[in-house]
Each structure stands twice: as C-alpha cells, then as structure tokens.
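1. just the structure for this:
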Amino acid sequence: GTAGQLLCFDVGAVAKPSLASSVNLSVEQSEDGKNKYANRWNFSEAILNDNGLVYLSSQHTEYIELEPDEGSKEEDDKPKPDPGPDDPDGPIEKPEPAPIPLQRGYWVTNYELHVVDYTDISHPVVRAATPIPGTLIGTSHGGALLYTQGAHWTEEHKWDGNWLDASSYDGLEAYLVDSVEQPQSWPQSHKVTGDGTLYMSFSETEKVEPDEDGGSRHVTTYYMQSLAIDETAKFALLEEIELETGIQQLADIGGRLVGQDNQRTLSLFDPTKPASLSVAGEGGLDGCLWFNLGGAAGDVESGLWLPLGNYGAVKIDWEE
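-> Residues are numbered from 1 along each chain as shown. Okay, here's the model as predicted:
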C-alpha cells in the first residue's frame, strides 16, 4: 500500500491461509534500536517477479543548503568607517528597514527503489534502498530493467518536463539507460507490460486554417505509441496509431491492454503485437455510471467485470 507495508500470506493450505511475514518500509531503526518513521511516502504499486522479488519505490525530500554569495560575504566583511576627531560619536546612521530574509537553499524530491526477497516467505530479506529517477511503473527481463516516471530538472533547478526512464539494475544499484519525454497534453496515460514494451497515449492540438467567418480553429489528434529499448540501449518507436478518442487510463488486464477515455468507453489492444498496434474491440457503459478501471476483475476472454460502487458491477461486452 501507499504506507509501505508488505504483508505476505501462506496459501499453501487453501482452506487455512496464514500470515507468513510483514515488512514495513515506512520505519527504520534508530541508533538506540527503536523504530522510527522514515522520511518516505508515496510508495508505488508493488511488482512481484518470477524470482520471488518484490519491487516498489518511494519518495523522500532533502533540503540542500547553499553557501552565502561571495558578494554578500564581502559586504559583511567590509570595514566600517572610524569616527573622526571632530565627530567622536561617528556619523549618524539612518535606521533602515529589516532586510528580507533570503532563502539559503532549496528542497529536492528524490526517489528510491526498494527490493524485498521473498525466497523464504517467513523471513524476507530487505535490500538496501537505491536511488532511481522517478516512481517505479514497471520492470522487465526478470527485474534487470526498471521503468520509472518523474520530472527532470535543469542545473538551474527549473522544471524540464515529465519523462519516462529506463534503468538497468544489478541487484545493488540502478543505472540510467535512456529516457523519453512524456507529452504534456491531456488526456494522456502510460503502461509498461512485462515484456518491456512502453505504451503511451497522448493528444496533440494544432491551429489550422481559419473557418469561413475568419475565426481560429484548432484540431486535436489522439495517438497511441509503443516503444521498447533496442540493441543500442535506446528507446525505439515500434508503432504509432491515431485514435478516435483520447485515452486517459491504460491497464494491463490478464495480458490484454485496456484503455479508458473520458466518456466511459473502453478500447481493447493486443500487446502481443506491439509493432502492429490496432484497436481489437470496444465496449463501455450507458448512462451516467462511472467506474475505476484499476478495480476490474476477470479477464477479457471470459468476462471483464467493472465495479460500480453502490450500483454493483457490470460485465463488459466487446464489439469489434
């Protein structure tokens, strides 16, 4: 969960599941051996791979204090005039308003990767946290490649857009491989599948020829892209298609990619062919009922059920 606690249950005996272990990444031991809350929050969704390793990320802040400017130091060190013989009390100084305190530093947000080894579910091993570029959104190649999303900053500490980063992980540290900028226009979404394919949906709006009345016109086009790290360790565009509506949420449900627009319409994509993207089916709801795609149950083939809160649940029928 977002609090950083992992609970592992032993379901070997289906009729009698039991709690095997609990790991709380939100606390750490102080020098006197007592637990205290760590400077961590906003934990990502936990990702379990086939090797019994659980991957997740967290955020923490750090205050960077700057050294005073050389100019201000020189001004402070500048000698004051001595009183003259005819004016033993020295010159009369006019009172000045109190100076406005200047910020001597800045806050930065950092991200950390946490890996917990559940080879022995009763005694999980927590690896040392390691820095990563953003929030963990996926892994591939048995956890050797990490995918994160977060802001980039210039050397002048100015925002430089949101980026999707791929990093290699050797079990101890993560190393940046390549980055691709995430378009800022909405609606937008992204999803990384288990084979390491990155899917991005976004929109672009451009000004076109004015209408008959001379008024300005803008046309919005919706896109879906598939990308993957190639043999040169760079993100390569596999396919780009235009969509009829903008996707605001993508979810991997039972190995199928499902996208939701802002009109309760669902689009179905086949992630087994990332280099030939196409809409394989559509479904949705009538009326004014809303749902959370993240709470879907079942699968596309046998039946996808969406929770509707107090209104129960609905099964989606797909149309090609």
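2. give me the element His152 is part of.
-> Using DSSP states H and E, His152 maps to strand 145-153.
3. using CSV, write out every CA atom in the helix or strand just after that strand.
-> Once the chain leaves strand 145-153, the next helix or strand it forms, by DSSP H and E, is strand 159-169. Written as CSV, here are the backbone C-alpha positions of strand 159-169 (Å, rounded to 0.1, in the frame of the first residue of the first chain):
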residue,chain,number,x,y,z
TRP,A,159,11.3,22.0,-14.3
ASP,A,160,12.3,20.3,-17.6
GLY,A,161,9.1,18.2,-18.2
ASN,A,162,8.0,14.8,-17.2
TRP,A,163,10.0,11.8,-18.5
LEU,A,164,9.8,8.1,-18.7
ASP,A,165,13.2,6.5,-17.8
ALA,A,166,14.6,3.0,-18.3
SER,A,167,17.4,1.9,-15.9
SER,A,168,19.4,-1.2,-15.5
TYR,A,169,19.5,-2.9,-12.1
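4. run through who's touching strand 159-169.
-> 113, 130, 132-134, 137, 143-154, 174-182, 184, 190, 198, 200, 229, 235 (CB atoms under 8 Å, 6 or more residues apart in numbering). Every residue, glycine included, has its C-beta placed from N, CA and C.
5. filter these to the buried ones?
-> Buried members of those, scored by 16 or more other CB atoms under 10 Å, are 113, 130, 132-134, 137, 143, 145-150, 174, 177-180, 182, 190, 198, 200, 229, 235.
6. run through the stretch 51-200 of the chain and note the low-pLDDT ranges.
-> 68-94, 102-103 (pLDDT under 70).
7. can you give me the helices in it?
-> Using DSSP state H, counting those that start in this stretch, the helices assigned to the stretch 51-200 of the chain run over residues 70-77.
8. quick check: beta-bridge partners of the residue lying closest to Val116 once chain neighbours are set aside?
-> In space, and not counting its chain neighbours, Val116 is closest to Val54: 4.6 Å by CB to CB, 6 or more residues apart in numbering. Bridge pairing for Val54 (DSSP bridges) gives the partners Leu48, Val116.
9. quick one on the thing from earlier: what angle do the strand holding His152 and strand 159-169 make?
-> 160 degrees (axes from the mean of the first three to the mean of the last three CA atoms, to 10 degrees).
10. what lies in contact with strand 145-153?
-> For strand 145-153, the external contacting residues (CB under 8 Å, 6+ apart) are 55, 57, 111, 113, 132-140, 159-169, 174, 177, 179, 182, 190, 192, 196, 198, 229.
11. residue boundaries of the strands in the stretch 151-300 of the chain?
-> Here the stretch 151-300 of the chain has its strands, by DSSP state E, counting those that start in this stretch, at 159-169, 174-181, 189-192, 198-208, 217-229, 235-243, 249-253, 256-260, 265-269, 279-284, 297-299.
12. redo those as TSV? Include distance to Phe291.
-> Putting the strands of the stretch 151-300 of the chain into TSV (distance: least, CB to CB, whole Å) gives the following:
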stretch	distance to Phe291
strand 159-169	26
strand 174-181	30
strand 189-192	16
strand 198-208	18
strand 217-229	21
strand 235-243	20
strand 249-253	10
strand 256-260	8
strand 265-269	9
strand 279-284	10
strand 297-299	11
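13. looking at those, which is buried most?
-> Of all those, strand 256-260 has the most neighbours on average by mean count of other CB atoms under 10 Å, namely a mean of 24.
14. run me through the strand neighbours of it, direction for each.
-> Here, using DSSP bridges, strand 256-260 pairs with strand 249-253 (antiparallel), strand 265-269 (antiparallel).
15. looking at these, spot the one closest to Ala296.
-> Evaluated over the strands paired with strand 256-260, closeness to Ala296 peaks at strand 249-253, with 5.6 Å, by CB to CB.
16. now Ser179: how far from Gly150?
-> Ser179 sits 10 Å away from Gly150, taking CB to CB, to the nearest Å as the criterion.
17. much appreciated, bye for now.
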